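In: pasting the sequence and the predicted coordinates here, then a few questions.
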There are 2 protein chains.
Amino acid sequence: MTLSMYQASVPVFARNLGHLAAILDKAATHAAAKKIDPAVLVGARLYPDMLPLSKQVQIATDHAKNGSGRLAGAERPVFEDDETTFEQLQARIAKTLDYLKTLDPARFEGSDEREISVPVRGRELVLKGAPYLLGFAQPNFYFHVGMAYALLRHNGVEIGKTDFIGALPD
Amino acid sequence: MTLSMYQASVPVFARNLGHLAAILDKAATHAAAKKIDPAVLVGARLYPDMLPLSKQVQIATDHAKNGSGRLAGAERPVFEDDETTFEQLQARIAKTLDYLKTLDPARFEGSDEREISVPVRGRELVLKGAPYLLGFAQPNFYFHVGMAYALLRHNGVEIGKTDFIGALPD
């Protein structure tokens, strides 16, 4: 037995998006408790030329959606990238999770060897599904979820690694 | 075709440890150029009760080493966790990469269904190899590499996402 491409992508993205949603909930609760304008956290950055929380969430959901959708060879919805509140960011995560649920695991069969076309750093890159998932979609996804966590933690939101890792898997 | 457990673990850990080593090199160069005591960066944290850079690197390498070693059913070296300089952190990454090279891909066959015993949050957890990799070793590894990146970026080291993702995969 080995891992299916589906197993290594969709449930992993979905699980971690669930953790991200819970982290954003804690951030919103923290803002309310401390009388912080939630927009301050949604716009927070770890460094002046880094992207703010809203963009980190947008890009994380994009990698989950586009990574899974490209492997499945499925139509992918386009999101507007106009979220400015915690509620809107939660809605974006929910939309992404809803989309992931529409993807039939059977469509991922053979996707490890299938050629995937992806725009990267200004050019169109063609690579096989396995390196696309393991060397591009996966690290990009974890990067942006990690940066969302890091900037909220840095801003005093009471979260710990357990919020990032989630419940222990079965 | 699907993904082998080896393919989804050892080369992914190795690749990202290489990126981490390059990021630490940039941090050491930055410290020298700005006349910052390197110990300041090695001990830097994103928040007072978060772990410093040295621990982030130690734990990231541990998840690479232990995650891979447990899946292979192989002996795992124990590291002393006494690194206090960039050179020592680089040596730890190099030791981890050397260990990963000793693991025969054949030993990972069937590891997706094999029971793995792992100490987690004070108790001994037994779970199968696939959820162990996808739901525990992998997110923990990315978490700590991500926090190392985030705290160096926050401290002004000139790195970008490309340093985290690395060269585009083939």
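Out: Ah, there it is.
In: in which helix or strand would I find the residue nearest to the spatial centre of chain A?
Out: The centroid of chain A falls nearest to A:A60 when counting by Cα atoms, centre = their mean (2.8 Å). Assigned by DSSP states H and E, A:A60 belongs to helix A:53-72.
In: quick one: that helix near chain B?
Out: No: applying Cβ under 8 Å from any Cβ of the partner chain, one finds helix A:53-72 separated from chain B by no less than 9.4 Å. Backbone N, C-alpha and C define where each C-beta goes, glycine included.
In: quick one, helices of chain A?
Out: Assigned by DSSP state H, the helices in chain A fall at A:10-33, A:38-42, A:53-72, A:86-101, A:129-132, A:138-154, A:161-165.
In: next up, the contacts around the residue nearest to A:L20 when sequence neighbours are not counted.
Out: With sequence-adjacent residues excluded and distances taken as Cβ to Cβ, 6 or more residues apart in numbering or on different chains, A:L20 is closest to A:V145, at 5.3 Å. Each residue near A:V145 by Cβ atoms under 8 Å, 6 or more residues apart in numbering or on different chains is listed here: A:N16, A:L17, A:H19, A:L20, A:Q56, A:A60, A:F164.
In: so how far is B:S54 from the fifth one?
Out: What that stands for is A:Q56. 25 Å (Cβ to Cβ, to the nearest Å).
In: can you pull the contacts of the residue nearest to A:A94 when sequence neighbours are not counted?
Out: With Cβ to Cβ, 6+ apart as the criterion, A:A94 has its nearest non-adjacent residue at 7.7 Å, and that residue is A:A21. With contact set as Cβ under 8 Å, 6+ apart, A:A21 has these partners: A:Q90, A:I93, A:A94.
In: and A:A21, how far from A:K95?
Out: A:A21 sits 12 Å away from A:K95, going by Cβ to Cβ.
In: same check on A:K34?
Out: Taking Cβ to Cβ, one finds A:K34 at 29 Å from A:K95.
In: which one's more surrounded, these two?
Out: A:K95 (14 against 9; other Cβ atoms under 10 Å in any protein chain shown).
In: isn't that one up against A:P77?
Out: Yes: shown here, A:K95 and A:P77 form a contact pair, counting by Cβ atoms under 8 Å, at 7.3 Å.
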